[in-house]
Every structure is written in structure tokens, then in C-alpha cells.
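one predicted model, sequence on top.
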Amino acid sequence: MTQFETAQKHNAELNAFLEIFDENPFPSHEGPLSNMTVAVKDVLALKDARLTCGSKFLENFHSLYTATCVERLIGAGARIVGKTNMDEFAMGSSNENSAYGLVKNPWDKTRVPGGSSGGSAVAAAIGACNVALGTDTGGSIRQPAAFCGVVGHKPTYGRISRYGLTAFASSFDTVGTFSRTLEDAAKSLEVMSGFDEMDSTSAKIDVPKFSQALSRSVKGLRIGIPKEYFGEGIEPDVRKLIEDAKKKLQAKGCEIVDISLPHTKYCVADYYILTTAEASSNLARFDGIRYGRRAIPPPLEGGGKGVVSLEDTYRHSRSEGFGREVKRRIMLGTYVLSAGYYDAYYKRAQKVRRLITQDFIAAFEKCDALLTPTTPTTAFKIGEKLSDPLAMYLNDIFTVSANIAGVPAMSVPVGLDSTGLPVGAQLIAKHFDEETLFALGKEIMEQLPYSSIE
Amino acid sequence: MVTKIEVEKVATLAKLEFSESELEALTGELNNVLGYIDQLTELDVSSVAPLENMNEAVEQSALRKDEVRPSLKVTEALKNAPKAADNYFLVPKVLAQEVKTYVEQDIVGDEEEELL
């Protein structure tokens, strides 16, 4: 079965893809990735293909250009399988916020795949592609990777250009990958990375051969265990499998160091102030005028065309086009940015962002990488956290810190729990030191029985 | 604590509208989240500089040469427009433009004066 067929076969049930390209419509080039297939989260632009961002607002929007990361993959020979489902505008941790229906976890179809890149996580897990692109603003790659049992990599902020990525929170958004293997993650990262003049925040810094780091010895590396990530609320099976990963690294000659990241308890609060503020500003562009949904005025009573003001058009279009969670975050973001509250919330949060970042810089003076659980629990049930936004937000407790500080992080499958659900371990390294993540990931990764979900 | 009236004002700023029951629910949800994020007030940040640029340590090249380059053609730019004609986006007549003065008074008023 080809990967295109695998994608088709599961889609009615899992809903991972919003679009599957029958015959690959893009010319395939000879190149280092000519045997690679790639699924693209529907928040990244691909010229002439639909770009919905999981929103009704953009139901009929077609991209006018291709995102830099996607263009570089195509240029290296990769073939695009399709566009994947996601939480609307990448806001969510369960993929239940898509306007095009929820995505199911292939390991247990009563459970969520995680979010916001849930479709991409499932696509990689079931073998519908070698690499699925995702975006990670607070854990949107690593959390679904852990829930679906694949490698999920969020590189350093600035490593990959964001040109062609529909912005959610611009100082957090990072493009990254899902894959069954570390090799595919490394090879695709090599191609996508590097400065792009279309994104002023993309870093002018050398791109290493990440795949070579996979054969690097980890002997002598110091692994920090941040005590704040091992408190209450972690499922016993998750705790045990992370403990096993730690022992494997010790057996390979790594030194285990106890670390503290003292501002950890403030991460989720800090994250929600800053990202909703940025989102409320970024999503102001969706006004129903130049593209996207425009509300049609209701007819007048007794017939006749209704007359609406421009102001009404904005309000009606946005209110019809956005889903509940997106509106909730725009509201929170507008509130924290509004005059009178700006200093109390937004500016204070930017200061706390520096404190959290300094925690990491201080930690990396004592160790080379951190090891933590990716999530406190395995995949939760569909509907379980839908009625409590705060409980949903707290699911990101171990992942948001890497986005706040901009450091690279990776979730690696380390086994199944006693009920057969995947568990992910998170590795976090210094800015632009993804190579250490690959080297360590190789040592702790466990091969999962993917044939059972194909 | 935010009140339902404040939430309504924020909705006006955000160009969103909600039904009465949605406003009720949203007020509760926002208070729940605001109660949680208020924990940041525990920290003394008086001597901390806000972090605004994510790549402080990396060479930035924010500005390119200021030169004319090819950009989207008008026909391309109008492709996704809900309504367009004669190389323009079509919009509804700007009639009955509501001026939400109370918002400016209550939320922006004081700060705006300080700025002036």
C-alpha cells in the first residue's frame, strides 16, 4: 500500500487529513529527500491549495504562495501527501476545536490525538507519510507526538522560517516535525533550516548536519532532571517509563544532575497572557473584507435587503467565522492588552518571560540537556476536558516553557503504558543545540508496534 | 473580577458579538482564567527588563535593502476576496457607523490622556 492509500484508508474514521492529494500535483525533484513523503499541517501555505487553519473563516481560502519550509522540502525532492486537520488557528490541546471535526487517536479511538497538530501526529503514526509538518506554540507538536507515539521535534525559535505559517503567537510559533524515526526528523530539519529573508526572526546561524548527530556518543553528557517536572499529577506508568529512560542514559555514560527551574509554576499563566495577546493582534486581520468569510446581512422583516455598516460586517463575519476557543482567546488577549491592564498583565508577563528564560540559561550551565515527561498523562478521552478550558490549558504544563524560552525540545516515544497508550519523554537543550536532542533521543527511543495501528 | 458589562466592552474592542447566554458563560470562563494568571503578581519584577526579542543572542538582519521588488499582482490579490470588482475590494456602504464612545471613556480614556 502506498502512503497516499494509507492516508485514504483511515481518513473516514480518524479524520487526520483535510485534503489528500490523489495524484501528487507537484513536480517532484531529484534531491536528498526524493524518497520522502510529507503531510502538511493546514496552517502552512502551499500555493493553490486550500489553507483553512481548521477554521470556517477560511473555508474557501487558497494560498497564493508556498511557505518557505514547504518549498525547501519540495525543492529537495519530497512529495506532499496532503493537508492535515488541526485545532482552529492552532489553538487547542485535543484537536476537538477543528471546524472540520475532531481527530481520533489511532491507539484508542475513544481518545484524543492531542493538539493542536493532531492530524499531523496521526498521519505520521499510521504511516501515511514519512514526515508530517506541525507547528508548536506551547506544545502543539510535542504533546500530540507523545499521545500518538511518534517523534515530535520543536527546534529552536528562529531555526526554521515562519514565512507562510499563519500566525497565532509570533514570538512563540515554531515549525517542526512528526516522524516515526529520528533519521527522518533530522533529514527534513537539515533541509528546512536556515535564514530566510522573508522572515526577519529566522536566525543567521549555521545549519549542522543533524543526521550525523544520531551516531554521536552521549558519554559524559550531563542530563538535568528538573524537580518541578516530577511533582504530583504524573501517572505512575509515565513516571516509570521516564525513570527507565533516565537509567538508559546513565548506562550510556551520562551523568544525572538534579536541577531546579524555579519559575516553572508561572509558565502556563505567562504563556496564556502573552500568546492570547499576540493572537488577538494577529487575528485582527480576519475582518471579512479582503479574504475569508463575509457575513451576509439578514433580510429585513417584510422583505427587502438588509443594510449593514462596515462595522457590522466586521463583527458578524468574525463572530460567525471563529469557533468558541478562538473567540475566548481573542477576548482574553484583548483584555490583557487594553489600556489600564497592559502593564499589569502584558508587560509583567514579558518580564516573567525573562525570568523563565534565565532559569533555563542557568540550568544549562550545570547540564547539557533536560529530561522530563512530555505530558503528565497519556491521551485523555474525547470530551473529557472540553467543558473546562483551564484544565485543558494545564495539559501543556511541561511543554510551554520551551516556547517561552525559545529553546529546542523533542518528544520521543519511550513505550506504552499498561493500557497500551504511548508515553513520550521530553528532551530540552540549549538554543540551537538540536544535535544533542538527536543524540540523546536515539538512546532512549523505544520502537512501538506500529503495525497494530496501520 | 471582570463583570459582564466589561466583557461586553472587550467584545466591542475585539469586534466580536455574543448572545446573552454566551456572555454569561464567557464572563465565568474569563474570571476563572484571570484568577489563575493573577499568580504572576506574586513575583517581584521591578528590576527585570521585559523580554521582547526572542533571539537577543543571534545576529539579526531585520532590515533588507529598501528596493522595489515584484509583489502580488492585483488580480492575484483579489482572488480570495469575498467581493471584488474593477481591481477593488467591494465593501458595504459605511452607513450607521456606530461610535462606541463609552469604550473609549471607560477603558482607553485615562491612558490616552496620560500619553498626551
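Yep, that arrived. Residues are numbered from 1 along each chain as shown, chains lettered A, B, ... in the order given.

pLDDT below threshold where in chain B?
By pLDDT under 70, the low-scoring segments of chain B are B:56-62, B:94-116.

strands of chain B, start to end?
Under the criterion DSSP state E, chain B contains strands at B:84-85, B:88-89.

of these, which is nearest chain A?
strand B:88-89 (5.7 Å; C-beta to the nearest C-beta). C-betas here are computed from N, CA, C, even on glycine.

residues making contact with the closest one?
A:I289, A:R290, B:L78, B:A81, B:K83 (C-beta atoms under 8 Å, 6 or more residues apart in numbering or on different chains).

pairing partners for that strand, with directions?
Strand B:88-89 sits in its sheet next to strand B:84-85 (antiparallel), going by DSSP bridges.

now check stretch B:76-83, is it near chain A?
Yes: using C-beta under 8 Å from any C-beta of the partner chain, we find that stretch B:76-83 touches chain A at B:E76, B:A77, B:K79, B:N80, B:A81, B:P82, B:K83.

what about the first one, neighbour count?
Burial measure for B:E76: 11 neighbouring residues, criterion other C-beta atoms under 10 Å in any protein chain shown.

where in the stretch 301-450 of chain A is pLDDT low?
Using pLDDT under 70, the stretch 301-450 of chain A drops low at A:301-307.

let me see the ranges of the helices in it.
A:310-321, A:324-337, A:348-366, A:389-394, A:400-405, A:434-444 (DSSP state H, counting those that start in this stretch).

would you turn those into TSV with mean neighbour count and distance to chain B?
Supplementary listing: the helices of the stretch 301-450 of chain A in TSV, determined by neighbours: other C-beta atoms under 10 Å in any protein chain shown; distance: least, C-beta to the nearest C-beta, whole Å:
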stretch	mean neighbour count	distance to chain B
helix A:310-321	20	5
helix A:324-337	24	4
helix A:348-366	19	3
helix A:389-394	17	6
helix A:400-405	28	9
helix A:434-444	24	14
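
CSV for these, including distance to B:N53?
Compiled in CSV, the helices of the stretch 301-450 of chain A are given as follows (distance: least, C-beta to C-beta, whole Å):
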stretch, distance to B:N53
helix A:310-321, 30
helix A:324-337, 19
helix A:348-366, 11
helix A:389-394, 26
helix A:400-405, 13
helix A:434-444, 21
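
which stretch among those helices comes nearest A:T181?
Closest of the helices of the stretch 301-450 of chain A to A:T181 is helix A:434-444, at 10.0 Å (criterion: C-beta to C-beta).

can you tell me what sits against stretch A:91-98?
So stretch A:91-98 is contacted by A:54, A:85-88, A:102-103, A:112-116, A:118-119, A:139-140, A:143-144, A:168, A:279, A:323-326, A:329, A:380, A:382-383, A:385-386, A:392-393, A:395-396 (C-beta under 8 Å, 6+ apart).

which among those residues count as buried?
Buried subset of these (neighbour count, 16 or more other C-beta atoms under 10 Å in any protein chain shown): A:54, A:85-88, A:102-103, A:112-116, A:118-119, A:139-140, A:143-144, A:168, A:279, A:323, A:325-326, A:329, A:380, A:382, A:385-386, A:392-393, A:395-396.

how about the residue nearest to A:G253 when sequence neighbours are not counted, what does it touch?
Spatially, and ignoring its direct neighbours in sequence, A:G253 is nearest to A:K219 (3.5 Å; C-beta to C-beta, 6 or more residues apart in numbering or on different chains). If you count contacts by C-beta under 8 Å, 6+ apart, A:K219 has them with A:K252, A:G253, A:C254.

go on, A:T37?
Applying C-beta under 8 Å, 6+ apart, the residues near A:T37 are A:Q3, A:F4, A:A78, A:R79, A:I80, A:V81, A:C129, A:N130, A:V131.

got the residues you listed as CSV, with pLDDT, distance to chain B and secondary structure columns?
Shown next, in CSV, are the contacts of A:T37 (pLDDT from 0 to 100; distance: C-beta to the nearest C-beta, whole Å; DSSP: H, G, I helix; E, B strand; the rest coil):
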residue, pLDDT, distance to chain B, secondary structure
A:Q3, 85, 30, helix
A:F4, 84, 28, helix
A:A78, 94, 26, coil
A:R79, 92, 26, strand
A:I80, 94, 21, strand
A:V81, 94, 24, strand
A:C129, 96, 27, coil
A:N130, 97, 30, coil
A:V131, 98, 25, strand
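
how much space between the residue nearest to A:G253 and chain B?
28 Å (C-beta to the nearest C-beta, to the nearest Å).

does A:H153 touch A:I428 like I think?
No: using C-beta atoms under 8 Å, A:H153 makes no contact with A:I428, being 11.5 Å away.

picking up where we left off before, from the contacts of strand B:88-89, which two are the most distant?
The farthest-apart pair in the contacts of strand B:88-89, when distances are taken by C-beta to C-beta, is A:I289 and B:L78, at 11.5 Å.

ok, and the closest non-adjacent residue to the residue nearest to the spatial centre of chain B?
Closest to where the C-alpha atoms of chain B average out (C-alpha atoms, centre = their mean) is B:A14, at 6.1 Å. In this structure, B:A14 finds its nearest non-sequential neighbour in A:T334, 4.2 Å apart by C-beta to C-beta, 6+ apart.

in contact with the one you found, which residues?
Per C-beta under 8 Å, 6+ apart, neighbours of A:T334: A:S280, B:V10, B:L13, B:A14.

same check on A:K41?
Applying C-beta under 8 Å, 6+ apart, we find A:K41 in contact with A:K83, A:T84, A:M86, A:S117, A:G119, A:S120, A:A132, A:L133, A:G134, A:T135.

just flag the most distant two among those residues.
A:K83 and A:T135, at 13.0 Å, using C-beta to C-beta across the contacts of A:K41.

endpoints of stretch A:211-220, how far apart?
Using C-alpha to C-alpha, to the nearest Å, the end-to-end distance of stretch A:211-220 comes to 20 Å.

and if you look at stretch A:149-157?
OK, stretch A:149-157 end separation, C-alpha to C-alpha: 24 Å.

quick one: average pLDDT of that stretch?
Averaging pLDDT along stretch A:149-157 yields 98.

mind checking the backbone torsions on A:D87?
Taking degrees, to the nearest 10, you get phi -70, psi 140 for the backbone angles of A:D87.

if I read this right, it contacts A:V326, doesn't it?
No: judged on C-beta under 8 Å, A:D87 makes no contact with A:V326 at a distance of 9.0 Å.

leaving out sequence neighbours, find the closest residue to A:V191.
Per C-beta to C-beta, 6+ apart, closest to A:V191 is A:A76, 4.5 Å.

kindly report the same for A:S418.
In space, A:S418 is closest to A:D237, 5.7 Å off (C-beta to C-beta, 6+ apart).

and the one you found, that's in a helix?
Yes: A:D237: assigned to a helix according to DSSP: H, G, I helix; E, B strand; the rest coil.

next up, the contacts around it.
Per C-beta under 8 Å, 6+ apart, neighbours of A:D237: A:T378, A:D417, A:S418, A:V423.

and for A:A7?
Counting by C-beta under 8 Å, 6+ apart, A:A7 makes contact with A:A16, A:F17, A:I20, A:A39, A:V81, A:G82, A:A123, A:A128, A:C129.
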